[in-house]
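**Student:** sequence and predicted structure, then a few things I'm wondering about:
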Amino acid sequence: MNLDNKIDIYTDIVLVDIINFSILNSSQQLEIITFLTKSFTKMINKMLQNSNMSLSKLILGFISTGDGFFCILNPKLKGYGTILGLSFNHFSEYIAKRYPYFEGIRVAVHSGVVNKFTDILGNTNYIGHGLNNCSRYLELKNYTISTVIVSDIALENFKRFLEIHKDFDTLLSQRELKRSTMYTFRDKHGYEKKGCLVWLREAGIINPPNTKFNSIEIQPYKENK
């Protein structure tokens with residue numbers, strides 16, 4: 001990778017983590033990760049069809065974590081990550097009905113910086129402090145099932161998204177969007193983090209906005225390490 005041409009991409013990052021994945025046996029791990037991947041792929045494809053949008057306009061990339069994945073959004077949809085996280089969480093309930101040993105997922109959303117590079121196989125991949133910081137939010141002790149952990153930065157972008165897309169603000173109000181107080185905690189490295197839990201009383205899958213991408217500006221941001 002040529003560091004002289006490094007471009008910081010500031011966007012929403014959604015982390016999906018399968019609860020207690022490591023205690024499952026090998027057959028169960030393969031079964032659940034295969035079904036979850038196929039199910040989320042179908043869900044995303046349906047959302048894209050409903051919004052008349054290509055996958056590349058919604059998502060820059062997916063990164064496997066072994067027991068889940070990072071989902072990196074297109075920077076022009078920054079703020080939608082919280083809604084996508086809520087949709088992922090809702091859809092996981094259908095998976096739980098099929099597999100009794102599946103305990104659900106934890107979902108964290110953070111707005112941060114990632115950098116694109118070409119990996120050893122020649123594929124496009126991503127690294128960056130945004131990914132690392134997003135994973136730290138799974139350390140929040142106050143997590144409860146069926147909620148999404150949202151960082152303070154992602155929450156501000158979520159609010160801006162709703163200011164721009166008034167119809168989403170109305171829809172989420174109708175579905176009774178709720179959020180906890182802001183929690184402050186220290187991650188395993190001793191860095192202070194702030195975030196809250198969000199959930200919908202009437203959960204569901206919410207499509208991305210059908211928008212004109214050329215009219216949306218990308219705001220630069222430099223994240224602290």
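**Tutor:** Perfect, I can see it now.
**Student:** how about stretch 80-96: buried residues?
**Tutor:** For stretch 80-96, burial by neighbour count (16 or more other Cβ atoms under 10 Å) applies to 80-92, 95. Using the backbone N, CA and C atoms, a C-beta is placed for each residue, glycine as well.
**Student:** closest one of the residues you listed to residue 202?
**Tutor:** Proximity of these to residue 202 (Cβ to Cβ) peaks at residue 90, which lies at 9.9 Å.
**Student:** what's near enough to touch the spatially closest residue to the closest one that is not a sequence neighbour?
**Tutor:** Excluding its sequence neighbours, the residue lying closest to residue 90 (Cβ to Cβ, 6 or more residues apart in numbering) is residue 203, at 4.1 Å. Counting by Cβ atoms under 8 Å, 6 or more residues apart in numbering, residue 203 touches 86, 89-90, 93, 146, 175.
**Student:** how about CSV for the residues you listed, with pLDDT and distance to residue 196 added?
**Tutor:** Output for the contacts of residue 203, formatted as CSV (pLDDT from 0 to 100; distance: Cβ to Cβ, whole Å):
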residue, pLDDT, distance to residue 196
86, 95, 13
89, 92, 15
90, 90, 19
93, 82, 22
146, 88, 15
175, 95, 18
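**Student:** now, these that are in helices?
**Tutor:** 86, 89-90, 93 (DSSP state H).
**Student:** next, format those residues as a markdown table and append distance to residue 31.
**Tutor:** Output for the ones in helices among the contacts of residue 203, formatted as a markdown table (distance: Cβ to Cβ, whole Å):
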| residue | distance to residue 31 |
| --- | --- |
| 86 | 25 |
| 89 | 21 |
| 90 | 21 |
| 93 | 18 |
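**Student:** let me know the closest of those residues to residue 187.
**Tutor:** When those are ranked by distance to residue 187 (Cβ to Cβ), residue 89 comes first, at 22.0 Å.
**Student:** can you tell me how far that closest one is from residue 149?
**Tutor:** Residue 89 is 10 Å from residue 149, where distance means Cβ to Cβ, to the nearest Å.
**Student:** which strands and helices lie in contact with the longest helix belonging to the chain?
**Tutor:** The single longest helix within the chain, with elements called by DSSP H, is helix 26-51. Identification of packing neighbours for helix 26-51 by 3 or more Cβ pairs under 8 Å, 6 or more residues apart in numbering; DSSP states H and E yields strand 9-18, helix 55-58, helix 81-98.
**Student:** one more time with 7 Å, if that's ok
**Tutor:** The contact analysis (3 or more Cβ pairs under 7 Å, 6 or more residues apart in numbering; DSSP states H and E) places helix 26-51 against helix 81-98.
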